[in-house]
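J.: Generate coordinates for the sequence data below:
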Amino acid sequence: MTSALDLKALQIFVAGPVTQDMIHKLVVATLQVIPCKDTKNQTYTSTDMKVKPLPSLMTFLTKLVRYTNVYTGTLMATLVYLNRLKAKLPKNASGLPCTRHRILLSCLILSSKFHNDSSPKNMHWAKYTDGLFTTQDINLMERQLTFLLNWDLKVSNDEMIESLDSLLEPIRYDLVRSSKVKKFLQRQHHHHKQAPTPVAAGPAQPEYNYPSPASTVATTTTSSSSPISVTPTHSRSSSTVSSLFHTRSSSTSSISSVSTNATTISTHESSSEVDPIIEFAALKEEMELKNLLKQLNSGSYAAQQMAYVYN
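T.: Residues are numbered from 1 along each chain as shown. Predicted structure coming up:
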């Protein structure tokens with residue numbers, strides 16, 4: 001039973017060009033159809049009355065392929081006709097030195113006419129034989145072969161695959177191998193899609209020096225024994241700093257806790273210069289903030305002064 005792999009291999013085979021291996025296979029099949037006398041040193045008289053040596057089957061078929069530019073499928077269907085003819089001929093049949101040439105040529109002519117809409121006429125086929133056969137000879141060959149084949153010229157896929165098994169084997173092997181490679185790549189791709197995507201580490205945070213006048217000041221809650229940490233979030237720019245410190249004092253003068261909320265600066269940079277009044281106000285606020293931080297760190301600032309609101 002023909003498989004899908006065989007049909008695909010046959011499709012690829014008939015789409016390719018005619019090769020020397022195909023010609024060789026046809027020659028071998030023709031030699032097995034009927035035993036004939038030795039063709040060595042045999043001559044024939046061509047239509048132009050010249051004596052020429054009888055060409056070998058290989059040379060004869062190669063010239064026909066070159067002259068007619070026959071398709072691969074048409075040429076290899078000839079192999080099916082040769083096998084059918086071999087099965088119909090008597091076992092004790094024998095032929096003349098040119099009988100094999102006649103059989104091969106007539107099979108090719110019938111295949112060309114049956115499988116193509118247009119085909120060379122018999123007068124053209126006679127010219128392709130270099131005078132070995134006349135048009136009348138070719139007409140007789142064609143009638144005899146159709147009679148022997150019982151006018152059954154249809155070639156099925158099963159017959160083609162069976163006759164071309166040795167030529168289709170490399171194609172089947174390549175198809176199976178390419179299919180395995182394709183499935184392997186698909187599995188790899190599927191496995192890669194299911195694998196978790198590693199989370200890329202974020203960029204390292206840059207380190208800043210002491211805050212500039214235009215930096216956003218953020219303070220954390222700490223006890224009286226630890227200093228207040230100041231973390232800038234923006235580089236120096238023309239902006240205002242707004243921070244609110246909330247404190248709670250007890251009956252004693254010690255600081256229990258300090259809570260601060262830092263707001264983000266909205267900066268709008270422009271190509272014009274900074275107003276000197278704004279720059280002066282920013283520098284003044286920076287000095288007051290430094291003094292406040294210094295007093296808080298030293299612990300000498302009174303608890304009641306922590307209620308000071310810095311704008």
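J.: C-alpha from now on. contacts and neighbour counts both.
T.: Fine.
J.: Give me the pLDDT for Lys52.
T.: Lys52 carries a pLDDT value of 81.
J.: any idea how far it lies from Tyr128?
T.: 15 Å (C-alpha to C-alpha, to the nearest Å).
J.: just Pro53 next, same as before
T.: Distance, Pro53 to Tyr128, using C-alpha to C-alpha: 16 Å.
J.: Lys88 now?
T.: 28 Å.
J.: Those two: who's more crowded?
T.: Tyr128 (18 against 11; other C-alpha atoms under 10 Å).
J.: ok, that one - contacts?
T.: Tyr128 is in contact with Lys63, Leu64, Tyr67, counting by C-alpha atoms under 8 Å, 6 or more residues apart in numbering.
J.: If we only consider those residues, which is nearest to Ser163?
T.: When those are compared for distance to Ser163 (C-alpha to C-alpha), Leu64 wins out at 21.4 Å.
J.: Give me the helices and strands touching the longest helix along the chain, please.
T.: Selection of the longest helix in the chain by residue count, based on DSSP state H, yields helix 165-194. Secondary-structure packing of helix 165-194 (3 or more C-alpha pairs under 8 Å, 6 or more residues apart in numbering; DSSP states H and E): helix 4-15.
J.: tell me which strands and helices the helix it packs on is in contact with?
T.: Helix 4-15 sits against helix 72-88, helix 157-163, helix 165-194, with contacts defined as 3+ C-alpha pairs under 8 Å, 6+ apart.
J.: and if we set it to 7 Å?
T.: Judged by 3 or more C-alpha pairs under 7 Å, 6 or more residues apart in numbering; DSSP states H and E, helix 4-15 is in contact with helix 165-194.
J.: per-residue confidence averaged over the helix it packs on?
T.: What helix 165-194 shows for mean pLDDT is 82.
J.: List only those of the contacts of Tyr128 flagged as buried.
T.: Neighbour counting by 16 or more other C-alpha atoms under 10 Å classes Leu64 among these as buried.
J.: Looking at the contacts of Tyr128, which are in helices?
T.: Lys63, Leu64, Tyr67.
J.: returning to what we had before: show me which of the contacts of Tyr128 is closest to Glu162.
T.: Using C-alpha to C-alpha, Leu64 is the member of those that lies nearest Glu162, at 24.9 Å.
J.: For Leu10, give me its contacts.
T.: Leu10 is in contact with Ile161, Leu168, counting by C-alpha atoms under 7 Å, 6 or more residues apart in numbering.
J.: and the end-to-end length of stretch 44-64?
T.: Terminal residues of stretch 44-64 are spaced 18 Å apart (C-alpha to C-alpha).
J.: Tell me the buried residues in that stretch?
T.: Result for stretch 44-64 [16+ other C-alpha under 10 Å]: buried residues Tyr44, Ser46, Leu54, Pro55, Leu57, Phe60, Leu61, Leu64.
J.: gap between Pro97 and Leu61?
T.: Counting by C-alpha to C-alpha, the gap from Pro97 to Leu61 is 16 Å.
J.: got the angle for the longest helix of the chain vs helix 4-15?
T.: With axes from the mean of the first three to the mean of the last three C-alpha atoms, to 10 degrees as the basis, helix 165-194 and helix 4-15 are set at 110 degrees to each other.
J.: Show me which residues of helix 165-194 are buried.
T.: Applying 16+ other C-alpha under 10 Å to helix 165-194 flags Leu167, Leu168, Ile171, Arg172, Leu175 as buried.
J.: Reformat the contacts of Tyr128 as a markdown table; add distance to Met141.
T.: As requested, the contacts of Tyr128 are exported to a markdown table (distance: C-alpha to C-alpha, whole Å):
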| residue | distance to Met141 |
| --- | --- |
| Lys63 | 19 |
| Leu64 | 16 |
| Tyr67 | 20 |
